[in-house]
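Trainee: I'd like to go over a predicted model; first the sequence, then the structure.
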Amino acid sequence: MRRSEARRSEVQRSEAQRSEAGRAEAGRSEARRSEARQGSGEGTGGAAGGGRTDAPAPNPRHGRRRRGRWPVRGRWGAAGAGLALCLLVVPASGAATDGADGDDGAGGWTSDTAARYWTAGRMAAAVPAGAGTGKSAAAPAARSTAAAPGFARHFDGVPSVGVLFSVDKDARAHHCTASVVRSPHRDLILTAGHCKPGARAAFVPQYRSGATAQPYGVWAVDRGFTDPERTDTGPGSDLDFAFATVKPDSEGRSLESVTGGNILARTPGYTTDVTVIGYPTVRNDPADQAIRCAMRTTRLTGQRQLRMECGGFYGGTSGSPWLSRFDERTKTGYVVGNIGGLNGGGPSGPDSHRTSYSPFYGSEVFRLYARAVAG
């Protein structure tokens, strides 16, 4: 009898131990599952320790992946198979968060949101695009706004030429010059390939410094196109031109229907008469106004590029159109070049503003234009 009771007692103890072991194992399994859920972002906390993660979810409007047509440098990226490459320049909503006026809202980056974001203060604070490339950013000595011999003169500007603004990853505003070119969809601008606008890119025709409302509006840049073979030096610098499409305004109007446009044309020769119009940044030229210079070009030795000797083309003038047969009545002409090329469009040194370069427009620029028109 005692042996039977002892066996029952032993069996009960064994069953109790197995039950306890099972509960412990179940607890460990549940703990592992909980940890796995936390590591994958599932569950309530989404972060170790049960707190909410501080990392924002990816924003699908924060710069689309580059496709096979143009760059903006970190944003106008090359594609493998195309003759030129394209990037949809969409504003990165997190690139600058210093005011609700810059909120893209549910509608994305439009010409309305561009006008709200690009206040007079932000425009004035913009620096020349492309650190280490492009026209010199060295500030000039104080001078009169009247033209001196061999120097560009200030004027009110023309509707088809303006300023291209954008924001880099550090929320710093950048500045190049761009111009409207005639196209079937009437939505195309031309600038230098090295300008490569970043987030919140916008074009402001006939820019007016300090104006609360720009005379021809602020236009959101949509997509850009550059040649993937472009470089800052060597033969690739002969391809320093780019196109970009812009979005309609709030009334549905196209850019060219408002400003008019210049006709894209082949460069007639290395020696040709041009009118060059550009916008130096206020840091480089305190007048913060358009400049123009009528000059006869020569060839830049060793390159398939034009050269112009005219002072005043400081930082911010990269992309300035070189206009042949400029019509003072219509304020348009035939665009046969743009400030760009070797070293971003000029020599280095304190007097670099006196000499500007331009790519020689041949079949390459028309192939890129065709890609931009086709979208």
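Mentor: Noted; the coordinates are in hand.

Trainee: and the residue lying closest to residue 125 once chain neighbours are set aside, what are its phi and psi?
Mentor: Sequence neighbours aside, residue 173 is the residue nearest to residue 125 in space, at 5.5 Å (criterion: Cβ to Cβ, 6 or more residues apart in numbering). The C-beta positions use only the backbone N, C-alpha and C, and glycine is treated the same way. Backbone torsions for residue 173, taken as degrees, to the nearest 10, come to phi -80, psi 140.

Trainee: bridging residues for residue 173?
Mentor: Beta-bridge pairing for residue 173 (DSSP bridges): residue 167.

Trainee: do residue 299 as well
Mentor: Applying DSSP bridges, one finds that residue 299 bridges with residue 306.

Trainee: hmm, back to that, which pLDDT value belongs to the residue nearest to residue 125?
Mentor: For residue 173, the pLDDT comes out at 84.

Trainee: list the contacts of it.
Mentor: For residue 173, the contact set (Cβ atoms under 8 Å, 6 or more residues apart in numbering) comprises 122-123, 125-127, 165-167.

Trainee: same thing with residue 114?
Mentor: Each residue near residue 114 by Cβ under 8 Å, 6+ apart is listed here: 91, 200, 202, 218-220.

Trainee: got a winner among the residues you listed for most neighbours?
Mentor: Highest neighbour count within the contacts of residue 114: residue 219, with 31 neighbours (other Cβ atoms under 10 Å).

Trainee: pull up the gap between it and residue 111, please.
Mentor: Residue 219 sits 5 Å away from residue 111, going by Cβ to Cβ, to the nearest Å.

Trainee: likewise for residue 342?
Mentor: To residue 111, residue 342 is 35 Å away according to Cβ to Cβ.

Trainee: kindly report the same for residue 160.
Mentor: Per Cβ to Cβ, residue 160 is found 17 Å from residue 111.

Trainee: which one of those two is surrounded by more residues?
Mentor: For residue 160 versus residue 111, the count of surrounding residues by other Cβ under 10 Å is larger for residue 160: 28 against 23.

Trainee: my guess is that one contacts residue 258. True?
Mentor: No. Contact criterion Cβ atoms under 8 Å: residue 160 and residue 258 do not qualify, at 10.1 Å.

Trainee: overlap of the contact sets of those two?
Mentor: Listed as contacting both residue 160 and residue 258 by Cβ under 8 Å, 6+ apart are residue 205.

Trainee: quick check: the residue nearest to residue 125 vs residue 247, distance?
Mentor: According to Cβ to Cβ, residue 173 stands 20 Å off from residue 247.

Trainee: wait, residue 271 sits on residue 295?
Mentor: No. Using Cβ under 8 Å, residue 271 is not in contact with residue 295, being 11.1 Å away.

Trainee: ok, those two, which is more surrounded?
Mentor: Each of residue 271 and residue 295 has its neighbours counted (other Cβ under 10 Å); residue 295 has more, 18 against 10.

Trainee: which elements pack onto the host helix or strand of that one?
Mentor: Using DSSP states H and E, the element containing residue 295 is strand 290-296. The contact analysis (3 or more Cβ pairs under 8 Å, 6 or more residues apart in numbering; DSSP states H and E) places strand 290-296 against strand 153-155, strand 273-278, strand 305-309.

Trainee: please identify the most buried of the ones you listed.
Mentor: A comparison of the helices and strands packed on strand 290-296 by mean neighbour count, using mean count of other Cβ atoms under 10 Å, puts strand 273-278 on top with a mean of 24.

Trainee: partners of that one in the sheet?
Mentor: When sheet partners are counted by DSSP bridges, strand 273-278 sits next to strand 290-296 (antiparallel), strand 321-327 (antiparallel).

Trainee: in JSON lines, list those along with mean pLDDT and distance to residue 277.
Mentor: Output for these, formatted as JSON lines (pLDDT from 0 to 100; distance: least, Cβ to Cβ, whole Å):
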{"stretch": "strand 290-296", "mean pLDDT": "97", "distance to residue 277": "5"}
{"stretch": "strand 321-327", "mean pLDDT": "98", "distance to residue 277": "6"}
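
Trainee: that older thread, pull out the buried residues from the strand holding residue 295.
Mentor: Across strand 290-296, burial judged by 16 or more other Cβ atoms under 10 Å covers 290-293, 295.

Trainee: what sits up against that strand?
Mentor: Strand 290-296 has contacts (Cβ under 8 Å, 6+ apart) with 151-158, 161, 206-207, 271-280, 285, 308-310, 312-313, 317, 326.

Trainee: where does the stretch 251-375 of the chain have low pLDDT?
Mentor: For the stretch 251-375 of the chain, no stretch is flagged by pLDDT under 70.

Trainee: can you map out the helices along it?
Mentor: Assigned by DSSP state H, counting those that start in this stretch, the helices in the stretch 251-375 of the chain fall at 255-259, 363-374.

Trainee: among those, which is the most enclosed?
Mentor: Mean neighbour counts for the helices of the stretch 251-375 of the chain (mean count of other Cβ under 10 Å) peak at helix 255-259, with a mean of 21.
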